[in-house]
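**Student:** heads up, no residue letters with this:
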């Protein structure tokens, strides 16, 4: 006789995209899931949410949630502009829309969500605890784990010119440890920057001045963007998403990487040891390759732009050398 699958009490700390996805999937498997969220509602995280169409592998995203389909990025170096073709194409999505779609799935699957719950350490009474509580993860801190490398991300929103609605491309300007960007959305233009905490605001300020948008901005957001691969050895407690530092070294995007890590966790659940081993095997080489590619492109774009092609197509989630 086959043994019945073990049903566990699972605490998920953080109701971002990764935490909600895990809450949904683990509840579907019959586990008793409680999602703890420090805010009073979901969808309050600063995030550009420019994500590849791989998102549809994880969640049914209706066309109404997509503000813009983006085929390429113009990367402006001082003496040359390179056209980067996105493969697969990318979507500009409102983060709160994505989170609300996942939120409804969590409730339908039967998980409990507790808002206004500030969790400082792994709660008692649960067989497994997953920290999905962001860059400044309390779960990570409570385990005395190392901190990831942090960059600062800045977003600003202003009303677009009419021609911006027709564009299917974004623009980027490389800076130290990051880049500035411009994303056309359905009803606004998003400008932003990611880079070293001590210098990125200066680069972003210059972009605002040169673009003539400083007095047209109606909303700004900031967020710390972690970078690393930090997973505890505990069999009861683990981390997933940006609480584990899982963001792309080149862009800082974390949704596809976080959901990919969540699927690895689900595949190995309830073994956090198996999850840790497979996640490291999957992400570590991709983080190294991505960092190398990013450094080479930045170097040649700044020092020898004539060596770079005018157009290149690449997988922006999992590039290969």
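**Tutor:** Right, received. Where do you want to start? It should be emphasised that the depicted structure is a prediction, and the values quoted were computed from it without experimental measurement. Numbers count the residues shown, from 1 in each chain.
**Student:** Relative to residue 49, how far out is the most centrally placed residue in the chain?
**Tutor:** Closest to where the C-alpha atoms of the chain average out (CA atoms, centre = their mean) is residue 254, at 1.9 Å. Using CB to CB, to the nearest Å, we find residue 254 at a distance of 10 Å from residue 49. The C-beta positions use only the backbone N, C-alpha and C, and glycine is treated the same way.
**Student:** Then residue 253?
**Tutor:** From residue 253 to residue 49 the distance is 9 Å (CB to CB).
**Student:** Which of the two has more residues huddled nearby?
**Tutor:** residue 49 (24 against 21; other CB atoms under 10 Å).
**Student:** for the protein, longest strand please?
**Tutor:** strand 80-93 (DSSP state E).
**Student:** who does it touch, helix- and strand-wise?
**Tutor:** strand 50-52, strand 66-77, strand 311-314 (3 or more CB pairs under 8 Å, 6 or more residues apart in numbering; DSSP states H and E).
**Student:** Just after that strand, pick out the following helix or strand.
**Tutor:** helix 95-109 (DSSP states H and E).
**Student:** Run the angle between that following helix and strand 80-93 for me.
**Tutor:** Interaxial angle of helix 95-109 relative to strand 80-93 (axes from the mean of the first three to the mean of the last three CA atoms, to 10 degrees): 40 degrees.
**Student:** buried residues in helix 95-109?
**Tutor:** The neighbour-count check on helix 95-109 (16 or more other CB atoms under 10 Å) flags 95-103, 105-106, 109 as buried.
**Student:** could you list every residue that touches residue 179?
**Tutor:** Contacts of residue 179 were listed using CB atoms under 8 Å, 6 or more residues apart in numbering, and they are 75, 172-173, 193-195, 251.
**Student:** filter those to the buried ones?
**Tutor:** 75, 172-173, 193-195, 251.
**Student:** So which of the residues you listed belong to strands?
**Tutor:** Residues of the buried ones among the contacts of residue 179 located in strands (DSSP E): 75, 172-173, 193-195.
**Student:** which SSE is the closest residue to the residue nearest to the centre of the chain other than its chain neighbours in?
**Tutor:** The spatially closest residue to residue 254, leaving aside those adjacent along the chain, is residue 247, at 4.0 Å (CB to CB, 6 or more residues apart in numbering). Residue 247 is part of no helix or strand, with elements assigned from DSSP H and E.
**Student:** Residue 247 touches residue 229, doesn't it?
**Tutor:** No - here residue 247 does not reach residue 229: they are 10.3 Å apart, not a contact under CB atoms under 8 Å.
**Student:** More neighbours: which of these two?
**Tutor:** Under the criterion of other CB under 10 Å, the comparison of residue 247 against residue 229 puts residue 247 first, with 25 against 18.
**Student:** measure the more buried one to residue 223 for me?
**Tutor:** Going from residue 247 to residue 223 by CB to CB gives 11 Å.
**Student:** now swap in residue 249 and tell me
**Tutor:** Separation of residue 249 from residue 223 (CB to CB) stands at 17 Å.
**Student:** ok, now residue 301?
**Tutor:** In terms of CB to CB, residue 301 sits 26 Å off from residue 223.
**Student:** picking up where we left off before, what residues are up against the residue nearest to residue 254?
**Tutor:** The neighbours of residue 247, taking CB under 8 Å, 6+ apart as the test, are 225-227, 253-254, 257.
**Student:** do you know how far it is from residue 286?
**Tutor:** Taking CB to CB, one finds residue 247 at 12 Å from residue 286.
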